[in-house]
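Q: I would like to see how this sequence folds:
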Amino acid sequence: MNKDILICGTGGQGTVLASKITAAAAMREGSRVHSAETIGMAQRGGSVTSHIRIGDEAFSPLIPCGNADVLLAFEPGEAVRNLKYLKKNGVAVVNTAAVRPVTESLNETGYDGSEQVEYLKRKHDCVFVSSDEVCAPFGSTKFFNIIILGVAAGSGRLGISKEALLAEIEKQVPPKFAETNKKSFLAGFETGEKALK
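A: As a prediction, this is how the structure comes out:
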């Protein structure tokens with residue numbers, strides 16, 4: 001399998017953990033993997049982008065523009081910002097719930113992500129999911145990073161098996177949170193399967 005996956009969001013959303021689980025799950029299945037993160041002021045809500053390149057056709061960790069098969073966007077503004085990486089027939093799995101940047105509190109622009117979602121609907125094949133809705137049964141949006149992996153896997157677009165991803169979640173998540181994370185992944189997987197229909 002050859003696949004380029006770009007994961008983007010803001011600091012504190014768990015994009016790096018999602019990237020590590022995805023890369024390790026692909027390696028568990030025997031694929032060659034390159035990965036890298038580009039992190040801005042991540043701890044303060046800045047942009048975080050993770051590049052994952054799977055297969056023998058990748059010779060460097062950074063995905064060239066127009067080459068990503070899958071874009072996992074934890075935030076709609078970050079989805080639009082990173083859209084240049086997505087290939088024409090690629091798919092974006094996008095969180096519709098916006099994370100307001102610090103600068104928004106200074107300027108009050110009214111940013112809520114809705115304009116970005118409408119733009120994405122016109123431009124690309126997208127699977128939309130609201131972190132507020134899918135995380136409600138788990139009591140925290142901190143599980144969204146695992147849920148969005150489930151959505152992408154369930155939609156058939158990620159190209160990595162459910163079993164490999166679950167095994168890496170169990171391995172990489174602290175034991176006291178592992179079961180809840182596996183349940184949240186399976187809930188996301190079910191959402192992704194519904195998106196296929």
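Q: quick one: the strands in this structure, in order.
A: 3-10, 33-39, 47-54, 68-73, 86-95, 125-129 (DSSP state E).
Q: could I get the longest one in CSV with only the CA atoms?
A: Read it as strand 86-95. Provided in CSV are the C-alpha atoms of strand 86-95 (Å, rounded to 0.1, in the frame of the first residue of the first chain):
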residue,chain,number,x,y,z
LEU,A,86,-4.8,17.1,-0.7
LYS,A,87,-4.8,15.5,-4.1
LYS,A,88,-7.7,16.1,-6.5
ASN,A,89,-9.4,12.8,-5.7
GLY,A,90,-8.3,12.7,-2.1
VAL,A,91,-10.7,12.8,0.9
ALA,A,92,-10.8,15.1,3.9
VAL,A,93,-12.2,14.0,7.2
VAL,A,94,-13.1,17.3,9.0
ASN,A,95,-14.2,18.3,12.4
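Q: note down every partner strand of it and its orientation.
A: Note on strand 86-95: by DSSP bridges, its sheet partners are strand 68-73 (parallel), strand 125-129 (parallel).
Q: how far does stretch 132-146 sit from its chain's centre?
A: 14 Å (C-alpha atoms, centre = their mean, to the nearest Å).
Q: that one: which residues count as buried?
A: V134, C135, F138, T141, K142, F143, F144, N145, I146 (16 or more other C-beta atoms under 10 Å). (Glycine included, C-beta is placed from N, CA and C.)
Q: out of the strands paired with strand 86-95, deepest packed?
A: strand 68-73 (a mean of 26; mean count of other C-beta atoms under 10 Å).
Q: let me see the mean pLDDT of it.
A: Mean pLDDT, strand 68-73: 97.
Q: I'd assumed T180 was in contact with F138.
A: Yes - in this structure, F138 is within contact of T180 by C-beta atoms under 8 Å, at 6.2 Å.
Q: okay, now the unreliable bits of this structure?
A: Applying pLDDT under 70 to the chain flags residues 40-45, 102-105, 196-197.
Q: again, only this time at 50
A: Within the chain, no stretch has pLDDT under 50.
Q: tell me which residue is most central in it.
A: L72 (3.1 Å; C-alpha atoms, centre = their mean).
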